Structures are given as structure tokens and as C-alpha cells.
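Undergrad: output the structure for:
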Amino acid sequence: MVLSFLCVLIGIGIINEIRCIYSIPVFRNYNEKFRNLALTSDYVYIGSNNKIILLNSSLIQLDRKYVSIRGVKSNSENSIWLLTTHNNDSLIVCSYQSTDRAQCLKYKILPDLSVFTCDAYRFLDLRPYTPATKYLTTTVKEISILIVASSKCLYDVGDYNCFAITSYYLENFDRFQLGHNHRYAVTYKEETKHVTFKAILEINNFIYILFNAEEGFSKLGKMCTGSTNSRTNSFEDTPIVCSHNGRIFTMAQDAVHWKG
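TA: Next up, the predicted model:
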């Protein structure tokens, strides 16, 4: 009798779970490639081939919007290359239609994608299927900025420097500067081999950037967000060497900061 009672309970549990799965219209899509994911406390944003999909916290679709450049919908499979949020207030989206033309938009965090507050164009040397670009939003002296790190050159209009790491004001996507004509950025020199960025993290007043060099080792770069003094706010990097059971490891593929 006990066995029969347990079987009945298990059967009821399975039926209830099936009802739960199929009664709620949770978002499913088997035809699109999801490339980016951004979260707020209430919403989930997915960047697919050339559109943004908005879900609520229960993963029910609320809205979707095609991303266009000057009103022309992109046909590129890699059109949305940057998707992130800032302070539960703004959604930042950057897309490109060709290999050197990009547009960045800032949307207000709402139950739909109807209101964007700023747009700007950028020139970037990005190619399809290149290593992923890493990015985050942060605040420097109460100024909200976007920091981008790329294995390929990041260019700006009228500036021919090849930036590995660069930053922009979130207010208007203009170049962020520390004081007079000093970029919060790192450039590739002509003779320098490009690196592959693996992760970018913010811990206290510092931005940490994990990247791999072609020579076969990893480094951890550091930039300060607690000061706008250009003399003391330089970029530093340190090689990573770990040992375990007599083996030496010099390559890292990802990094996570657990706020426990």
C-alpha cells in the first residue's frame, strides 16, 4: 500500500510539472543563434543575429526589435556584437552592418524596446568569427562609461590609433577622457602582436582584464576607476603562473569574481 501511495505521489508530481512547463508560454526559438545575453533585476535581453529579444524574469517574451543602421536592417549574422546593461536603467546595444561601420544605441529599461535615448556611430576593425570582444559598464568619478577590449583594432573617427582597450561616455558615446586629451585606453603598437581577451571584471576601484598572448601565456591587466589623475592611472599587466600537483599552468580561458 505504501508503494502504491508513493507511485501516486510521483505521478501527481510529474503531471504537475508537465502542466507547469506547457501552461506558461516560456520563450523558445530553434531557428536563431543567440550571441549575447544581458540581465537586469526584472528583464532578460538576448542578442540574436540582427534583433534584440526582451523577456521578463519568467522568460516570457515581451518584445523584439530589429537593429538597423540608419534605418537599414542588417543582414550580417554577427550584427549585434555588444549587449549590456547599466545600473538597471539603460540597455546598451552595439551592432554593425559591414566590417568597419558600427552603431551604438542606448535604450531605457522598460517593458518594451520603444524608447532609446542616444545613438552614435563608430568605426571598428571587426571581422566575422574573430575572438569575442569583452566589455562592461562602470562609473569613474560619478561618470558612467562603457569600456571595450578587442583583439582587433578599435578606431574612432579622425583617430588612427589602433586601440586594444577604449572607453566611451554612456551619455552620448563620445570618447571618454581623463583630464585634457588623455584617453582612458590602451593602444596596440605597430610591432606588437595582438592578444585575445578572455574576461573583463570590476573589483572595487579596479578593472581587471584577462588576456592571452600568442606566445602561449596569460596576463591579467589592471586599470584604476577610483582616480582621474592620468599620471597615476596607467595600465598594468602581470603574467599568470599557477602550479598544481607539480604541473605549471600559464594559460587561462576565463575569470569570474564571486561576490560572496
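Undergrad: the spatially most central residue of the chain: which element?
TA: Among the residues of the chain, the one closest to the centroid is Tyr135, at 4.6 Å (CA atoms, centre = their mean). In this structure, Tyr135 sits in strand 134-140 according to DSSP states H and E.
Undergrad: that strand: how far from the chain's middle?
TA: 9 Å (CA atoms, centre = their mean, to the nearest Å).
Undergrad: given the helix or strand just after it, what are its sheet partners and their directions?
TA: The element immediately downstream of strand 134-140 (helix or strand, assigned by DSSP H and E) is strand 143-156. Partners of strand 143-156 in the sheet, by DSSP bridges, are strand 116-124 (antiparallel), strand 134-140 (antiparallel), strand 159-169 (antiparallel).
Undergrad: what comes into contact with the shortest one?
TA: This means strand 134-140. With contact meaning CB atoms under 8 Å, 6 or more residues apart in numbering, strand 134-140 is reached by 82, 84-87, 92, 144-150, 170, 176, 184, 197-202, 207, 209, 225, 228. Any C-beta I mention is one placed from the backbone N, CA and C, and that applies to glycine too.
Undergrad: before we move on, what about the last one?
TA: Strand 159-169 is touched from outside by 104, 125, 143-151, 153-156, 174-176, 183-188, 194-195, 209, 221, 223, 235, with contacts defined as CB under 8 Å, 6+ apart.
Undergrad: swap in 6 Å and give it another go.
TA: 145-149, 153-154, 176, 184-188 (CB atoms under 6 Å, 6 or more residues apart in numbering).
Undergrad: centre of the chain to the helix or strand that it is followed by, how far?
TA: Scanning forward in sequence from strand 159-169 by DSSP H and E, the next helix or strand is strand 186-187. Strand 186-187 sits 19 Å away from the centroid of its parent chain (CA atoms, centre = their mean).
Undergrad: for strand 186-187, packing partners?
TA: Here strand 186-187 touches strand 159-169, going by 3 or more CB pairs under 6 Å, 6 or more residues apart in numbering; DSSP states H and E.
Undergrad: ok, 10 Å please
TA: strand 143-156, strand 159-169 (3 or more CB pairs under 10 Å, 6 or more residues apart in numbering; DSSP states H and E).
Undergrad: and the first one, C-alpha only, in CSV?
TA: Put plainly, it is strand 143-156. In CSV, the C-alpha atoms belonging to strand 143-156 read as follows (Å, rounded to 0.1, in the frame of the first residue of the first chain):
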residue,chain,number,x,y,z
ILE,A,143,30.7,59.4,-14.8
SER,A,144,29.0,56.4,-16.4
ILE,A,145,31.3,54.9,-19.1
LEU,A,146,31.5,51.8,-21.4
ILE,A,147,34.8,50.0,-21.6
VAL,A,148,35.6,47.8,-24.6
ALA,A,149,38.5,45.4,-25.1
SER,A,150,39.1,43.9,-28.5
SER,A,151,41.6,41.6,-30.2
LYS,A,152,41.1,43.6,-33.3
CYS,A,153,41.7,47.4,-33.7
LEU,A,154,39.1,49.7,-32.3
TYR,A,155,39.2,53.0,-34.2
ASP,A,156,37.5,56.3,-33.8
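Undergrad: pLDDT of it, averaged?
TA: Average pLDDT, strand 143-156: 84.
Undergrad: how far does it sit from its chain's centre?
TA: 11 Å.
Undergrad: Leu210 versus the residue nearest to the centre of the chain, what's the distance?
TA: 13 Å (CB to CB, to the nearest Å).
Undergrad: returning to that earlier point: now do the strand holding Tyr135, average pLDDT.
TA: 89.
Undergrad: now it: buried residues?
TA: Applying a neighbour-count criterion of 16 or more other CB atoms under 10 Å, the buried positions in strand 134-140 are 134-138, 140.
Undergrad: partners of Tyr66 in the sheet?
TA: Beta-bridge partners, per DSSP bridges, of Tyr66: Lys51.
Undergrad: alright, that wraps it up for me.
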